[in-house]
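In: give me a model of this one.
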Amino acid sequence: VGIWDFDTTNVVTDEVWEPAAPVRVNLTGFDATGLNPANFRIAWFNSDGSFDQFLEVFHSEDGSMFYFFAPHFSSGALVEFTGPAVYNVTVEPGSVDKVQGDRLAFTAAVDAVSGADETVTWSVTGGDNGTSIDRETGLLVISYQQTPTTLTVTATSVFDDTVTGTAEVNVDRKSGSAGM
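Out: Numbers count the residues shown, from 1 in each chain. A predicted model of the protein is given here:
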């Protein structure tokens, strides 16, 4: 929805900024009337642009303004209002060794805000001879004829298909297998 550069003019004047103490920060230039703060999160960034943390958003008593409590102040920091969004997908296990004929269920942890759909679809690359993954459940079935290789399992956010997580599966021959 927007990004604001802010400085101490946005800090409530009856508060004193102390490095270890959160400070209430009012967001100016944004009409909050009729909006529900539950639909927004603030992504707090460090002055070098790296992500720090998400902050809870509050409404003023008269409903005309959003505010939050800043964990620290850093010149040039950005505050970003976001609507529903998916920021990251993490696949577990991240790396694993398996043999021909094995099965493995993967899980995905989705970092989503403001009610974004946390569903993922699954895919596998590098598989051959019948190796497959269930697109909905993440169950990988490695074929008995799978060529020894490294498979890449990918979980793709349904909400935002540009956000993915991956895992590697190193496939070796099954013991006693002559390489069918």
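In: the closest residue to residue 158 other than its chain neighbours: neighbour count?
Out: Spatially, and ignoring its direct neighbours in sequence, residue 158 is nearest to residue 119 (4.3 Å; Cβ to Cβ, 6 or more residues apart in numbering). C-betas here are computed from N, CA, C, even on glycine. By the criterion of other Cβ atoms under 10 Å, residue 119 has 15 neighbours.
In: can you check residue 97 too?
Out: Using other Cβ under 10 Å: residue 97 sits among 11 other residues.
In: residue contacts, it?
Out: 169, 170, 172 (Cβ atoms under 8 Å, 6 or more residues apart in numbering).
In: hang on, isn't the residue nearest to residue 158 packed against residue 155?
Out: No - with contact defined as Cβ atoms under 8 Å, residue 119 does not count as touching residue 155 (9.8 Å).
In: can you list the contacts of residue 97 in TSV and add distance to residue 151 and secondary structure?
Out: Shown next, in TSV, are the contacts of residue 97 (distance: Cβ to Cβ, whole Å; DSSP: H, G, I helix; E, B strand; the rest coil):
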residue	distance to residue 151	secondary structure
169	4	strand
170	8	strand
172	12	strand
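In: sorry, back to before: and the pLDDT for the residue nearest to residue 158?
Out: On the pLDDT scale, residue 119 is placed at 97.
In: separation between it and residue 136?
Out: Between residue 119 and residue 136 the computed distance is 9 Å (Cβ to Cβ, to the nearest Å).
In: with residue 171 instead?
Out: Taking Cβ to Cβ, one finds residue 171 at 23 Å from residue 136.
In: these two: which is more packed in?
Out: Between residue 171 and residue 136, counting by other Cβ under 10 Å, residue 171 is the more crowded of the two (23 against 10).
In: which helix or strand contains the more buried one?
Out: strand 164-172 (DSSP states H and E).
In: just the mean pLDDT for that strand, thanks.
Out: For strand 164-172, the mean confidence score works out to 97.
In: give the bridge partners for the residue lying closest to residue 126 once chain neighbours are set aside, please.
Out: Ranked by Cβ to Cβ, 6+ apart and with sequence neighbours excluded, the top spatial neighbour of residue 126 is residue 151, at 4.4 Å. Under DSSP bridges, the beta-bridge partners of residue 151 are residue 169.
In: buried subset of the contacts of residue 97?
Out: residue 169 (16 or more other Cβ atoms under 10 Å).
In: closest to residue 85 out of the contacts of residue 97?
Out: Ranked by distance to residue 85 (Cβ to Cβ), the contacts of residue 97 are led by residue 169 at 29.2 Å.
In: quick one: buried residues of stretch 91-101?
Out: 91, 96, 98, 99, 100.
In: oh, that last question was meant for stretch 150-163, not what I typed.
Out: Buried residues in stretch 150-163, counted by 16+ other Cβ under 10 Å: 151, 153, 154, 155, 156, 157, 159, 160, 163.
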